[in-house]
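Visitor: Pasting the sequence and the predicted coordinates here, then a few questions.
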Amino acid sequence: MSNKTITMIRKELIDAARDKRSVMAGLYYAVGAPLLMCGMFFMLIGQLTSPEDLNININNPQGAPDLVKYLSSKGITHGKNEDQVEGEKVDTKDILLIISDDYASNMAKGISAEVTLVADASNEKLQKSIRRLEKRLQQYSAEMGSLRLIARGIDPRVMQPIKLNVEDQATPDSKAGMILGIATMTMIYAVFISGMNLAIDTSAGERERNSLALLLSHPVSTSQIVISKIVAVTLFGMIGLLLTLIVSKFAYSFVPWQELGFSVSVNSRFIGMMMLIGLPVAIMAACLQLFVSFLAKSFKEAQSYLTIVLMLPMMLAMAASYDIAPETLQWLPVSGQLQALIEFIKGRELPGMQLAISSLITLAISAALAFGMQKSLKSEKIVFGL
């Protein structure tokens, strides 16, 4: 790298450091995203491990005291108060369990006793509660069926001709793969957010300040200008990624993962692999943001364009996290790297070929965008925003 290029990189970094508000705005995501993810995981684990009591209306509860007692032991009680469902109040009269008048006599005779569940299944707020009640009723029915067979001297196991034994070979790391896969999506996205403000400022911003034309009048080539800007934006993207990983390492240690039967740890090995895999993505992010910003005629227009353009890497990241079309997306930028990271997280062999090809495609796209920027800086329309 020539002395002129190094000087240009230093100039870009000094200019970026002067605008502290812009720098901090880019790094807010790096600090805030892991904390928001931890808050979301706390709420999710709380709902999965400690479900709130479900209050329903039961018609004729005295006709089936054992059933009512069983449901109560499972957190489903008979009451007229209101439940809190996802932050909104739901009247318990919307879920009604009707016990037939002949329930007790039919149970004594050993024939089917009828109960009727009345609820609006199209109400999304009630669907979770309805499924929970149905599951408990099915469990109670199975227990009563077993007791009836025992009372008649029949082994209940005759109703189970096949006994399925499942040996789970998943390790704690692989069980955490899906959870950490979603978290990894937010981590890799930090390279796009952290350098975005600098990319806009050093392209559309410089043009608005009339410093881009002055810069081009100096004895430096357009390739040196483009390279210096790419390196500066990439560096900020990598700083944002590193900061995200550091915050995640400490924040995720407070989440009670053991309640779900696995552990999630952002160790130094994962951080190193993430930084290595994230470097090509950061380069492509810098080239993409600079290319789009140079095409925009103003600072605000560049912000609007990048907001739309950055939806593409987000969709690729989400597709990789949720395992959508893995055979196709494994070779593409962002999604290919994320799939490789998820395999690494699960303790499996790192797909070297997939990672190499997706990284090469990422760098090829970066080179094409950089070449396009170099050509565009020779156009008066781009330089003066005509």
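Guide: Structure received.
Visitor: Go through whichever helix or strand F250 is part of and flag the buried ones.
Guide: Using DSSP states H and E, F250 sits within helix 222-251. For helix 222-251, a neighbour-count test (16 or more other C-beta atoms under 10 Å) marks 224-245, 247-249, 251 as buried. To be clear about C-beta, it is placed using only N, CA and C from the backbone, and glycine gets the same treatment.
Visitor: just stretch 371-386 next, same as before
Guide: Buried residues in stretch 371-386, counted by 16+ other C-beta under 10 Å: G372, M373, Q374, S376, L377, I382, V383.
Visitor: Can you tell me which of those residues end up in helices?
Guide: In helices, defined here by DSSP state H, the members of the buried residues of stretch 371-386 are G372, M373, Q374, S376, I382, V383.
Visitor: how about the strands in the stretch 151-300 of the chain?
Guide: With DSSP state E, counting those that start in this stretch, there are no strands along the stretch 151-300 of the chain.
Visitor: In it, what residue spans correspond to helices?
Guide: Secondary structure of the stretch 151-300 of the chain (DSSP state H, counting those that start in this stretch): helices located at 172-175, 177-188, 190-194, 196-200, 206-208, 211-216, 222-251, 268-295, 299-309.
Visitor: quick one, which of those helices is nearest to I45?
Guide: I45 lies closest to helix 177-188 among the helices of the stretch 151-300 of the chain, at 9.8 Å (C-beta to C-beta).
Visitor: Which elements pack onto that closest one?
Guide: Packing partners of helix 177-188 (3 or more C-beta pairs under 8 Å, 6 or more residues apart in numbering; DSSP states H and E): helix 20-49, helix 222-251, helix 268-295, helix 311-321, helix 335-345.
Visitor: just these: most buried one?
Guide: Each of these was given a mean neighbour count from mean count of other C-beta atoms under 10 Å, and the largest, a mean of 24, is that of helix 335-345.
Visitor: related to what we said a few turns ago, just put the helices of the stretch 151-300 of the chain in CSV and tack on distance to S72 and mean pLDDT.
Guide: Formatted as CSV, those follow (distance: least, C-beta to C-beta, whole Å; pLDDT from 0 to 100):
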stretch, distance to S72, mean pLDDT
helix 172-175, 33, 60
helix 177-188, 33, 76
helix 190-194, 48, 88
helix 196-200, 54, 87
helix 206-208, 68, 80
helix 211-216, 73, 78
helix 222-251, 38, 90
helix 268-295, 45, 90
helix 299-309, 52, 85
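Visitor: Out of those, which gets nearest to I56?
Guide: Here helix 177-188 is closest among those (C-beta to C-beta), at 32.0 Å.
Visitor: report the angle between the axes of that closest one and helix 335-345?
Guide: Interaxial angle, helix 177-188 versus helix 335-345 (axes from the mean of the first three to the mean of the last three C-alpha atoms, to 10 degrees): 130 degrees.
Visitor: Any idea how far helix 177-188 is from the middle of the chain?
Guide: Averaging C-alpha positions (C-alpha atoms, centre = their mean, to the nearest Å) puts helix 177-188 6 Å from its chain's average.
Visitor: Put the alpha carbons of it into PDB.
Guide: C-alpha atoms of helix 177-188 as PDB (Å, rounded to 0.1, in the frame of the first residue of the first chain):
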ATOM      1  CA  GLY A 177     -27.600 -23.400  18.000                       C
ATOM      2  CA  MET A 178     -31.000 -22.000  17.000                       C
ATOM      3  CA  ILE A 179     -31.000 -19.400  19.800                       C
ATOM      4  CA  LEU A 180     -27.400 -18.300  19.100                       C
ATOM      5  CA  GLY A 181     -28.200 -18.400  15.400                       C
ATOM      6  CA  ILE A 182     -30.700 -15.700  15.800                       C
ATOM      7  CA  ALA A 183     -28.300 -13.700  18.000                       C
ATOM      8  CA  THR A 184     -25.600 -14.200  15.400                       C
ATOM      9  CA  MET A 185     -27.800 -12.500  12.800                       C
ATOM     10  CA  THR A 186     -27.900  -9.400  14.900                       C
ATOM     11  CA  MET A 187     -24.100  -9.600  15.400                       C
ATOM     12  CA  ILE A 188     -23.300  -9.800  11.700                       C
END
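Visitor: what sits up against that helix?
Guide: 33-34, 37, 41, 241, 244-245, 248, 252, 257, 264, 274, 278, 281, 317-318, 320-321, 334, 337-338, 341-342, 345-346 (C-beta atoms under 8 Å, 6 or more residues apart in numbering).
Visitor: sorry, back to before: do you know which of the helices of the stretch 151-300 of the chain lies nearest R131?
Guide: Closest approach to R131 among the helices of the stretch 151-300 of the chain is made by helix 177-188 (21.3 Å; C-beta to C-beta).
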